[in-house]
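Visitor: Turn this into a structure:
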Amino acid sequence: MSARAHQFSDFLDRLFLDGRLCIESEEPFGRRQLDQALPTLLQLERDYRLALPGTPPEVRPASAIWGMAITYWAAQRLAYRHLSVELPRELEANTLDSDSAGDCYSVDLTFRFLPDLLRLSRSAKCEELTLQLMAFANDWPLSSVGIEGLEPQTPIGVLSYPSLRTLYVDRIIARQDVSRLSDEDVREAVRAAIGIHSHLAPQLVEHLQEKEPQT
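Guide: Numbering: from 1, shown residues only. Presented below is the predicted three-dimensional model:
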């Protein structure tokens, strides 16, 4: 494994271990480095999925690599502010499907840190990077729960897969993200998950009550 691939692997280890975005180099990366780091990501995923509800979809390597590359690319630009924030053409996700449960899960392996990236980008007033990250957040709703100012797509692929549906609802409850309750299916899933424990999610419960039909 090359030194650059080792840096990717170290980045992934720290990210999965404690959520830290550690970047050691401003050097550009290529497909070879991404492919060499994939085994590390797949090993981390095997441990990660054990803590998830139900059985997640199988990982799609191409989608996982894309999510990993975007996450590293964004973190690199937060660490080295002089780097261009123009997204390289090879990182455009023309072949990924946000309505696919497999793509949603595979991308989310690293995109679940989007809220952290956006918080750091906003704090650093990196406006162009923030706009780019917001676009990704809108496209991948499973990964962007809790981010303000979004108009996320309806999470079709997430809601159609029981494990991801539960994960999505759990995140909505944990982050009290009332913006996700505009979707009727999501509202019902959140209402069922809260059940008698309404005191744990007061903001969501208040919003759900407002959405109930008047009799």
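Visitor: in this structure, which spans are helices?
Guide: Under the criterion DSSP state H, the chain contains helices at 3-18, 31-48, 61-79, 101-111, 114-123, 127-139, 156-159, 162-175, 184-194, 202-211.
Visitor: Lowest mean pLDDT across these, which one is that?
Guide: Mean pLDDT per stretch puts helix 202-211 lowest among the helices of the chain, at a mean of 75.
Visitor: Go through that one and flag the buried ones.
Guide: Neighbour-count burial for helix 202-211, with 16 or more other C-beta atoms under 10 Å as criterion, is recorded at Leu204, Val205, His207, Leu208. (Glycine included, C-beta is placed from N, CA and C.)
Visitor: if I look at Arg191, how far off is His207?
Guide: Noted for Arg191: a distance of 10 Å to His207, by C-beta to C-beta, to the nearest Å.
Visitor: Need the overlap of contacts for those two.
Guide: Counting by C-beta atoms under 8 Å, 6 or more residues apart in numbering, Arg191 and His207 have no common neighbour.
Visitor: related to what we said a few turns ago, what would the buried residues of helix 202-211 look like in a markdown table with distance to Thr154?
Guide: What follows is these, written out as a markdown table (distance: C-beta to C-beta, whole Å):
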| residue | distance to Thr154 |
| --- | --- |
| Leu204 | 18 |
| Val205 | 23 |
| His207 | 18 |
| Leu208 | 18 |
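Visitor: Now the two most distant members of those.
Guide: The largest distance within the buried residues of helix 202-211, taken as C-beta to C-beta, falls between Val205 and His207 and amounts to 7.3 Å.
Visitor: one step back: closest one to Gln36 out of the buried residues of helix 202-211, please.
Guide: Leu204 (42.9 Å).
Visitor: Identify the residues contacting the closest one.
Guide: Listed by C-beta under 8 Å, 6+ apart, the contact partners of Leu204 are Ile172, Ile173, Gln176, Val178, Leu181, Val190, Ile194.
Visitor: Show me which positions of stretch 99-119 end up buried.
Guide: Residues 100-115, 117-118 are the ones in stretch 99-119 that count as buried (16+ other C-beta under 10 Å).
Visitor: That stretch: end-to-end distance?
Guide: Start-to-end span of stretch 99-119 (C-alpha to C-alpha, to the nearest Å) is 26 Å.
Visitor: now do stretch 87-98
Guide: End-to-end distance for stretch 87-98, by C-alpha to C-alpha: 19 Å.
Visitor: Any idea how far that stretch is from the middle of the chain?
Guide: 15 Å (C-alpha atoms, centre = their mean, to the nearest Å).
Visitor: same deal with stretch 137-146?
Guide: On C-alpha atoms, centre = their mean, the centre of stretch 137-146 falls 6 Å from that of its chain.
Visitor: any residues touching it, and which ones?
Guide: Here stretch 137-146 makes contact (C-beta under 8 Å, 6+ apart) with 93, 98, 104-105, 107-108, 111-112, 114-115, 118, 136, 147, 150-155, 158, 164, 167-168, 171-172, 175, 177, 180.
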